[in-house]
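Q: Got a predicted structure plus its sequence, pasted below:
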Amino acid sequence: MKQDFPYETLEQFYYKNQAIHGSYVSEYRRRINSPDTHKIDISIHADDVIGPIYPAFFCLDDELREAIQSLEDRDASLQYKKGLLKKSGVKKQLAIREMLKNFEIEQEFVPQEFVKSFLQKKTNQNKNLALWGLLSEYLTFFNNPSIPKNAYEIRALYDRAIWPNIRSEETPENLEHLKLDGILFRLGTVEIGHAFVGDEIYEDMNGKIRNKNSNHKGTSPESAIINELNTITKLYSDAPFPSIVNIALHYFVFNNTHPFYDGNGRCSRLIASSQIAQNYDIVTALSFSQAYLEDKKRFEKAFSICQKSKNSGDLTPFLWRFIKTMGKALDIAERSISVLSTAELNPEKISTDLSFAMLNALTISDMPELDKTREQLIEKLVKPSMNNLTN
């Protein structure tokens, strides 16, 4: 998989120059002491916990600044098209799409089954309410995004948006192993793997990866988890760097810490989307999970590179990848705006308009009372319009 950003990682430098004695150490020192370099108060346990520990840093050089400015210019052009969000049902349509893609990344559901389960009358009531919990968080983006300010608020967000769905899906036996056993987070260890290396991966009920692709363990003990999450939430709130950098750093540290036994990815993407909504265009924020899904191998490879000892704590590759993925989210947002604007201008597209109206009419109290005809209409009309947004 060819790298698509113009930054040579320290790992690449090492293998290219390993015959030159001392070159790697000199390059590391040059980067970490560069005027463009910023250090954050987080340590990277390279190559699992038995590897060396490096202070985290990144290089905000001219090329990266130019990429950030280009991203912000594109986002600013979307701000003028927000009038379409006043159209009936558009907000809920976009929020449902983001929720579906967030789950699809984890291979929890395929979108068609998820929509059907979400809207059926006679499915498990707790499951429907669990899905509404996550959807309601996405819907807050249009008013006041719910962004955790400390470790305690991260746990609170998990409890109301992520854990209800895990609880509705898992067996009672598995739930006993997935329940958080610390004051706020986990006491046990979890191993983290990445899908770019090949076969499907997932954590088992003890947080263990079931294939051999595990390459990192989450932070331990719990006191260190709390400290790292408090550090990175404060950094985001203080906003010392361009917004996209603050968001990317928060995302990396959250997943590197891995505070939960299950649901870390879903929770971190929800937080990232809420931060994007706070700083950029809302349609872009509600396109982040789909962009991640399209960019998953490259995204997770960049994450893995930054955890390797040969990369020595340099998070710049992940910042570049996050910006590239954000660019894809903008592409998706632009396509979505085009589709939604066209639907608004062409009343003959009745299926799209009707699905918007029906989605807008749904509330939590509606769920138990949906009659069969209405369910069938929603299933028939929602899927085509959602496919238009995602193609």
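A: Received it, and whenever you're ready, just let me know what you need. Numbering: from 1, shown residues only.
Q: Need the three-state assignment for Pro259.
A: On the three-state scheme (DSSP: H, G, I helix; E, B strand; the rest coil), Pro259 is labelled coil.
Q: hang on, Ile183 in a helix?
A: No: under three-state DSSP, Ile183 sits outside any helix and is assigned coil.
Q: how near is it to Phe288?
A: Separation of Ile183 from Phe288 (Cβ to Cβ, to the nearest Å): 30 Å. All C-beta atoms are positioned from the backbone trio N, CA, C, and that covers glycine.
Q: got it, and Ser304?
A: 20 Å.
Q: Residue for residue, what is the longest helix the protein has?
A: The longest helix of the chain (DSSP state H) is helix 316-345.
Q: so what secondary structure elements neighbour that one?
A: Judged by 3 or more Cβ pairs under 8 Å, 6 or more residues apart in numbering; DSSP states H and E, helix 316-345 is in contact with strand 53-59, helix 62-78, helix 243-257, helix 282-285, helix 288-294, helix 296-305, helix 350-361, helix 372-390.
Q: looking at those, which has the lowest confidence?
A: Sorting the helices and strands packed on helix 316-345 by mean pLDDT places helix 350-361 lowest, at a mean of 36.
Q: what's in contact with the helix or strand hosting Arg269?
A: Assigned by DSSP states H and E, Arg269 falls within helix 264-279. Helix 264-279 is contacted from outside by 98, 102-103, 105-106, 134, 137-138, 140-141, 145-148, 154, 157-158, 161-162, 236, 243-244, 246-247, 250-251, 254-255, 258, 260, 284-286, 288-289, 292, 326, 329, using Cβ atoms under 8 Å, 6 or more residues apart in numbering.
Q: and those residues, which are buried?
A: The neighbour count (16 or more other Cβ atoms under 10 Å) marks 98, 102-103, 105, 134, 137-138, 141, 145-148, 154, 157-158, 161-162, 236, 243-244, 246-247, 250-251, 254-255, 258, 260, 284-286, 288-289, 292, 326, 329 as buried among these.
Q: and stretch 257-266, how far apart are its ends?
A: 14 Å (Cα to Cα, to the nearest Å).
Q: what about the helix holding Arg269, average pLDDT?
A: 95.
Q: Over to stretch 2-21?
A: Per-region confidence: stretch 2-21 scores 90 on mean pLDDT.
Q: residues touching Tyr14, list them.
A: Tyr24, Lys310.
Q: Which helix or which strand is home to it?
A: helix 10-17.
Q: What of Ile42?
A: Counting by DSSP H and E, Ile42 is found in strand 37-45.
Q: Any chance you could list what contacts that strand?
A: In contact with strand 37-45 (Cβ under 8 Å, 6+ apart) are residues 31-32, 51, 53-60, 216-217, 219, 228, 231-232, 235, 240-241, 249, 253, 256, 306-307, 313, 315.
Q: okay, the angle between it and helix 316-345?
A: 100 degrees (axes from the mean of the first three to the mean of the last three Cα atoms, to 10 degrees).
Q: Next, count neighbours for Phe5.
A: 18 (other Cβ atoms under 10 Å).
Q: For it, which non-adjacent residue is closest in space?
A: Trp320 (3.9 Å; Cβ to Cβ, 6 or more residues apart in numbering).
Q: Tell me who's in contact with the one you found.
A: Contacts of Trp320 (Cβ under 8 Å, 6+ apart): Phe5, Tyr7, Leu64, Ala67, Ala302.
Q: Tell me how far it lies from Ser312.
A: 17 Å.
Q: Kindly report the same for His45.
A: 12 Å.
Q: More neighbours: those two, which one.
A: Ser312 (24 against 21).
Q: contacting residues around the more buried one?
A: Leu10, Tyr28, Ile32, Ala46, Tyr54.
Q: Looking at the residues you listed, spot the one nearest Pro172.
A: Comparing the contacts of Ser312 against Pro172 with Cβ to Cβ places Ala46 closest, at 38.2 Å.
Q: and the closest one, how many neighbours?
A: 20.
Q: now it, nearest residue through space, not along the chain?
A: Ala46 sits nearest to Ser309 (Cβ to Cβ, 6+ apart), 3.8 Å away.
Q: give me the number of residues near the one you found?
A: For Ser309, using other Cβ under 10 Å, the count is 18.
Q: So it versus Pro148, what's the distance?
A: For Ser309, the distance to Pro148 - Cβ to Cβ - is 31 Å.
Q: Which of the residues in stretch 177-193 are classified as buried?
A: Here stretch 177-193 shows Leu178, Leu180, Leu184, Phe185, Arg186, Thr189, Val190, Glu191, Ile192, Gly193 as buried, counting by 16+ other Cβ under 10 Å.
Q: check contacts around the third one.
A: Contacts here follow Cβ under 8 Å, 6+ apart; on that basis Leu184 touches Ala151, Tyr152, Arg155, Glu222, Ile225, Ile226, Pro259.
Q: Please apply the same query to Asp4.
A: Contacts of Asp4 (Cβ under 8 Å, 6+ apart): Arg298, Lys324.
Q: Restrict the helix or strand following the helix holding Tyr14 to CA atoms and write it as CSV.
A: Using DSSP H and E, the next helix or strand after helix 10-17 towards the C-terminus is helix 23-32. Extracted as CSV, the C-alpha positions of helix 23-32 are listed here (Å, rounded to 0.1, in the frame of the first residue of the first chain):
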residue,chain,number,x,y,z
SER,A,23,22.1,8.6,10.9
TYR,A,24,18.8,7.5,12.5
VAL,A,25,19.7,8.9,15.9
SER,A,26,20.8,12.2,14.3
GLU,A,27,17.5,12.4,12.3
TYR,A,28,15.4,11.7,15.4
ARG,A,29,17.2,14.4,17.3
ARG,A,30,16.8,16.8,14.4
ARG,A,31,13.1,16.2,14.3
ILE,A,32,12.3,16.3,17.9
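Q: SS state for the closest residue to Ile192 other than its chain neighbours?
A: Distances taken as Cβ to Cβ, 6+ apart put His216 closest to Ile192, at 4.5 Å, once the chain neighbours are dropped. In three-state terms, and counting by three-state DSSP, His216 is strand.
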